[in-house]
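Asker: Mind folding the following:
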Amino acid sequence: MALIDQLDDDALLALSRRTDELGVLSVYFDADPSNGADRSAAAIDLKNRLRELERRVDEAQVPGRALTAALDRLQGELESLADPREPGRGRMMFAALADDWVVRMSSQLPVNNRVVLDQGPFIHPLLEVLDEGRPAGVVVVSGDQARIIDWRLGAISVAARMERSEIEAPHERAGQIGGGPIGQYNSPVREQRKARNRAHAEQFFQDVVAAVAERAAEQRWERILVSGGDQWTSQVVERFPEPLRGKVISEQRVLGGLDDRELAGTVNRLMHEHHEANEAQVIAQVRDAGAAGNAALGLSEVASALTAGQVSHLVYDPQVRYVGSTGADGAMYAAAEAPTDGSVTPEPRLTERLVERALSTGARISPVEGAAEQVLAEAEGIAAFLRW
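Answerer: Now for the predicted structure:
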């Protein structure tokens, strides 16, 4: 099984370019551990989707026998994909029908059950998982302890535990405030202790923030979830340096009492909510930038910008199947704009070519379901931020 957290742009590009003479079967399966008895229902749903695929292939007069033979050969792989004992919640498999290569991977983020047969791997749900699961940090803090946690693709691991050390005061002076000779003011013991505790807390929070900043730089965190309840969250957040503060997600609820499984589930839900909100913000920003002439809007402009290597961030609706043409020089064209001199080849899988070009030029990719029906409706659900 391939390690999804080790996929880089080169590995994704290589996967997207795999082909097979009879086609590549892409299967996505959500093994939700909270479903209990419903796991069998999910497995049945997967079998039904495979049967429906066989029926459609037969009706389309494609070599249905080859598909049936391939499914028989892949039976063990398909069964393990739905096996509750296997690791990971969102499971994916890409398998050639004629050749014998199979690629499997999983993450702790959910995926929708999908079965797709195409010329190459159907990687758009995988891209969604990778986009949502980018490295992030979680800081669970109280007045005297903190956990610094790495989060990636729905999985958590504790990077550091910190505790506030108690320092004994060298002396405590009793007396009334304002007592003593003129010019000398002695605080009561309680006030001295409070002042000392505030100083210790200040130092502790500064140490936590310094450790978080170092870890964030090492792991390239894009978000930092801070949970300390009403009492501690804001006290920690306000000590973050400005560049990091913009990445912070403040969570007023106390997460410190949750076990690892509960914490992972809660953090995944919060990260998903934040990701959805961020997607809405991104598509609004790229639309506004396009209206100002600083971004590409629509298939024609995006295809041209990708051809020129201008795109820094591609945003598209994976539910839309973009079609067009490609030239021998690698240029991509929307269907209505292709040259008529016979120098181009029709490309019914233009979406895959757009993604491949984005990967090969180091552009960030954000598939946003529903973009074509919402903010980017006039742009057919596709837009891009430009490098220049």
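
Asker: which ones are touching the residue nearest the centre of the chain?
Answerer: Computing the C-alpha centroid of the chain and ranking residues by CA atoms, centre = their mean puts Glu132 first, at 1.7 Å. Residues in contact with Glu132, defined by CB atoms under 8 Å, 6 or more residues apart in numbering, are 109, 271-272, 275. Where you see a C-beta, it was placed from the backbone N, CA and C, and this is true even at glycine.

Asker: Just put these in JSON lines and tack on distance to Asp30.
Answerer: Shown next, in JSON lines, are these (distance: CB to CB, whole Å):
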{"residue": "Leu109", "distance to Asp30": "10"}
{"residue": "Met271", "distance to Asp30": "17"}
{"residue": "His272", "distance to Asp30": "14"}
{"residue": "His275", "distance to Asp30": "17"}
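
Asker: Pull out the buried positions in stretch 11-27.
Answerer: Neighbour-count burial for stretch 11-27, counted by 16 or more other CB atoms under 10 Å, picks out 12, 15-16, 18, 20, 22-27.

Asker: Just the ones in strands from these, please.
Answerer: 24-27 (DSSP state E).

Asker: just curious, which of these is nearest to Arg56?
Answerer: Closest approach between those and Arg56, by CB to CB: Leu25, at 13.0 Å.

Asker: Low-confidence ranges, this protein, go.
Answerer: Counting by pLDDT under 70, the low-confidence segments of the chain come to 1-2, 35-39, 58-64, 166-190, 192-197.

Asker: Could you list the domains of it?
Answerer: 4-132, 136-257, 276-386 (automatic domain parsing).

Asker: What is the end-to-end distance of the first one?
Answerer: Domain 4-132 has its terminal residues 13 Å apart, counting by CA to CA, to the nearest Å.

Asker: One more: the shortest one?
Answerer: From the first residue to the last, domain 276-386 extends over 22 Å; the measure is CA to CA.

Asker: again, but for the second one
Answerer: Distance between the two ends of domain 136-257: 21 Å, counting by CA to CA.

Asker: can you start the count at 32 instead of 1 from here on
Answerer: Will do, 32 is the new start, and the previous item becomes domain 167-288.

Asker: Please look at Asp238 and Met193 and confirm they touch.
Answerer: Yes: the pair Asp238 / Met193 is scored as a contact, 6.7 Å apart, by CB atoms under 8 Å.

Asker: Please say which of the two ends up with more neighbours.
Answerer: Neighbours of Asp238 and Met193, each counted by other CB atoms under 10 Å, are more numerous for Met193; the result is 17 against 14.

Asker: Find the nearest non-adjacent residue to that one, please.
Answerer: Ala177 (4.6 Å; CB to CB, 6 or more residues apart in numbering).

Asker: Give the helix, strand or coil label for the one you found.
Answerer: strand (DSSP: H, G, I helix; E, B strand; the rest coil).

Asker: How many neighbouring residues does it have?
Answerer: Neighbour count of Ala177, defined by other CB under 10 Å: 27.

Asker: How about the contacts made by it?
Answerer: By CB under 8 Å, 6+ apart, the neighbours of Ala177 are 170-171, 192-193, 235, 239.

Asker: so where do the helices sit in the stretch 182-331 of the chain?
Answerer: Assigned by DSSP state H, counting those that start in this stretch, the stretch 182-331 of the chain shows helices spanning 220-250, 260-268, 273-276, 291-322, 329-338.

Asker: buried sites along the second one?
Answerer: By neighbour count on 16+ other CB under 10 Å, the buried set for helix 260-268 is 260, 263-264, 267-268.

Asker: and it, C-alpha only, in CSV?
Answerer: This file holds the C-alpha atoms of helix 260-268, laid out as CSV (Å, rounded to 0.1, in the frame of the first residue of the first chain):
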residue,chain,number,x,y,z
GLY,A,260,-11.2,26.9,27.0
ASP,A,261,-12.4,30.4,27.8
GLN,A,262,-9.6,31.0,30.3
TRP,A,263,-6.5,30.1,28.3
THR,A,264,-7.2,30.1,24.5
SER,A,265,-7.0,33.9,24.0
GLN,A,266,-4.0,34.2,26.4
VAL,A,267,-2.0,31.9,24.2
VAL,A,268,-3.3,33.2,20.9
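
Asker: Enumerate residues external to that helix that contact any of its residues.
Answerer: 170, 172-174, 232, 236, 239-240, 257-259, 276, 279, 281-285.

Asker: Tell me where the stretch 32-181 of the chain has helices.
Answerer: For the stretch 32-181 of the chain, the helices defined by DSSP H, counting those that start in this stretch cover 40-47, 70-90, 95-104, 106-112, 155-163.

Asker: I'm done for today, thanks for sticking with me.
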